[in-house]
Every structure is written in C-alpha cells, then in structure tokens.
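# okay, predicted coordinates and the sequence, questions at the end:
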Amino acid sequence: MSAATSPLLEEHVALGATLTDFAGWQMPLRYTSDIAEHQAVRQAAGLFDLSHMGEIAVVGPQAARALDHALVGNLSALAVGRARYSMLCQPDGAVIDDVVVYRPAAEQLLVVANASNAAVVLAELTERATGFHAQVIDMSLETALLAVQGPRALEIVSLVAPGQHAVLAEMPYYASATVRVLGHDVLVSRTGYTGEDGFELYVPNALAAPLWRALLEAGTPLGLVPAGLAARDSLRLEAGMPLYGNELDRTTTPFEAGLGRVVKFDKTDDDGAPLDFVGRAALESRKGAQPARVLVGLQGLGRRAARSGYPVVRGSGADAVVVGTVTSGAPSPTLGHPVALAYVTPEVSAEGTELGVDVRGRAEPFRVVRYPFYRRPQD
C-alpha cells in the first residue's frame, strides 16, 4: 500500500526535505537540521505541514451530546469559538486516541485525531453517535492543516490575513475563529504542539500550496523556517506533551498519564442525571486509586540521551532493579541536557529521586523532575 500524500508534497520536495512514511503518509522529517528547525521555533517561528492529521466533523442538534457520550470530556459545555483537549477511551478506560475538539458553531464540532488513529476514531465516533441527532463526516482527505509556531507567529499570520491582526491578537489560547486569509474564510485556532504561541490553519487542499508559499514569503524575513516532524517531536517533548503510541496507548488510562483532569464525571444529561460515557464505569473505579505506574519527567545528569523503550533502573550493577520504561527521550536543544518521559513505579516517582536509564548496557544517571521541561517566557 502506497503512502498518502499531502497537498504540499511538491513544496516539500522543492525545499529539499527528507521525507518519511509517517502513519501511512509521506511527510517531511526535516529540511535542514533538526536542531536548527527546533531553535527557529523557540526563537522566531516554524512552519509545519500537519495535513496528515484526521479532521472529523460532528454536526446536528445533538452533536455535542454525541461527543459527551463518545469522549471523556464535557463537550456540551464547550463554548462556540473555543477548543478542548479530550480523549476517546475504550470501555476499560484505556486510551484509543487523544484529540482536540473545536466548536465553530453551536451545532458543528470538529474532532482532530492523530494520523495513526484517524480511521479508528472515525469508526468509533460513527458508532457512538448512533441514536443521537448528529452526523459524523470525515473531512480528512479534503482538509490541509498548516501550523505557524513560535514567538513571531502572530506577526507572520497577520501578514497573510490583512485587517485581521486584532482578531488574531485577541484570540485566547485554545480558541478559534473564522478568519479571512488570502481572500478565503478559513478556521484558524490558537493551538499547537510545541510549547510556543502559535496558530493552526485548516484550509481546503487547493489553498494549501498558495498559503504555504505566502507564509514563507511573509515570514522568512522574520526568521520563519519550514520545520519537519523531527523538530516537532523534540519541541513537544520539551513541552511535556504526550505522543500517542509513546505516552498514551490502549493499555494506558488518563490517570496513569497524569491527565485525569480531562475526565469529566460531573457531566449530566438533560434531566440532571449523571451522563454515561464510554469508559465511565472503569475510570470511576480507578478515580483516586494509586496507579501501578506513574508518568514522570527525567533530567539527564550526563550527556547520553534515553530513548523510547529503554529500561529505567534503581541501583547499580548486580543490584540494579528495573522500575520503569522510557516512553520518549532526546537531548534537549533548548536546555542543553537530555530529557525524557518515563513510566515508573510509584515508589520512585517523587521529584528529586535519582535513577538510572539503561543506555545500551550502561546505567546513565537521571533525576526525576517536574515537567514540562520548558515553558515559554510570558509577556
């Protein structure tokens, strides 16, 4: 089976991008160097093609109610023009996917799923919407998604949206609006996956290449560079954001991942009774209980980085005991030392605990620290 292609594939090839097969899509891994692209996002801005993500519309009088049942969050309480991070869980409470839900209109919601899970999310939402006055529509293959991330993102997006600077500047984090961009009305959200300020623009495929070129033309003098999946991964790791398949999967509940706050047990039906949602009973039984493993941040005390799948150990030599597993790890370009996320047993999860990570047969020193590892400076 051949990989799917972004409507921006020719743009990436023209820029000399190294392409990779990611979740069945041919996507840019990098254009120049991972570190240069990472640093550009922290210092100025990066332009990302995220057209591999899944966009699923849920429309109708009971669209929000259908998502209240399908997801762990309270989507009926989501105001028009706002967005919310949520999860689609199995009946046993484990995570099928983490998603972002937008509400452009009262009877229109947009669920954005990870590329690797888009098909299963579509199938689950379609099944779970049965019985509600709501229609589930797959918009993925007709929608391109471009993201501008970094401290100069507002300036750059404003240059391709004449007269819209005030709308963009006043948009709160995790909000969206219909904005006139290159003469077209498009959904623009103040969201991202890098730990920086930024905007994501949802556009029809035909507008993707003209918008990509316009953003590069406007942004290059301000330090904007095209950035690939490698930089996006190191940026999200520094920002402590989970990646499905690493920190989240079908064996992990929101509580283990430290994301129990997204599970809303207080949502009610129209009569005020507790609202049932898929996974509620299993998650309610775990609420307040100590999970068998805890997601923690690790700071490397040496120079060698931990990588996904490496064992976390306590003690050394023959006395070393495996107490967990690294889920994501890399050298931090921003901080200058290795960082990692790992699941460990609760007794070694306290901040300041010194542990080792088995890096190719040698226990490298790491310390449990609070994450996110990086927080952007506030104005």
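Sure thing, it's come through. Numbers count the residues shown, from 1 in each chain.

# check what pLDDT the residue sitting furthest away from the middle of the chain gets.
Among the C-alpha atoms of the chain, the one most distant from their mean position (C-alpha atoms, centre = their mean) is that of residue 318, at 39.5 Å. At residue 318 the predicted local distance difference test score is 79.

# before we move on, what SS does it have?
Counting by DSSP: H, G, I helix; E, B strand; the rest coil, the backbone at residue 318 sits in helix.

# hmm, residue 335 is touching residue 239, no?
No: using C-beta atoms under 8 Å, residue 335 is not in contact with residue 239; the gap is 11.7 Å. The way it works is simple: take the backbone N, C-alpha and C, and place the C-beta from them, glycine included.

# hey, what's in contact with both of the two?
Common neighbours of residue 335 and residue 239, counting by C-beta atoms under 8 Å, 6 or more residues apart in numbering, are 373-374.

# between the two, who's got more neighbours?
It is residue 239, of residue 335 and residue 239, that has more neighbours when counted by other C-beta atoms under 10 Å, with 19 against 13.

# residues touching the residue lying closest to that one once chain neighbours are set aside, list them.
Closest residue in space to residue 239, ignoring its immediate chain neighbours: residue 195 at 2.9 Å, by C-beta to C-beta, 6 or more residues apart in numbering. By C-beta under 8 Å, 6+ apart, the contact list for residue 195 reads 235-236, 238-241, 372, 374-376.

# repeat that with 6 Å
The neighbourhood of residue 195, defined by C-beta atoms under 6 Å, 6 or more residues apart in numbering, consists of 239, 374, 376.

# among those, which has the minimum pLDDT value?
Among these, residue 376 carries the lowest pLDDT, at 94.

# these two touch, right, it and residue 198?
No: look at residue 376 against residue 198 with C-beta atoms under 6 Å: they stay out of range, at 10.0 Å.

# what about these two, which has more around it?
residue 198 (27 against 15).

# so that one touches residue 191, yeah?
No: applying C-beta under 6 Å as the test, residue 198 and residue 191 come out as separate, 7.4 Å apart.

# pipe the contacts of residue 195 into JSON lines and attach distance to residue 219 and secondary structure per row.
Supplementary listing: these in JSON lines, determined by distance: C-beta to C-beta, whole Å; DSSP: H, G, I helix; E, B strand; the rest coil:
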{"residue": "239", "distance to residue 219": "21", "secondary structure": "coil"}
{"residue": "374", "distance to residue 219": "22", "secondary structure": "coil"}
{"residue": "376", "distance to residue 219": "18", "secondary structure": "coil"}
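
# nearest to residue 278, of those residues?
residue 239 (28.8 Å; C-beta to C-beta).

# quick one, domains of the protein?
Residue ranges for each domain of the chain read 4-50+142-238, 294-369, as given by automatic domain parsing.
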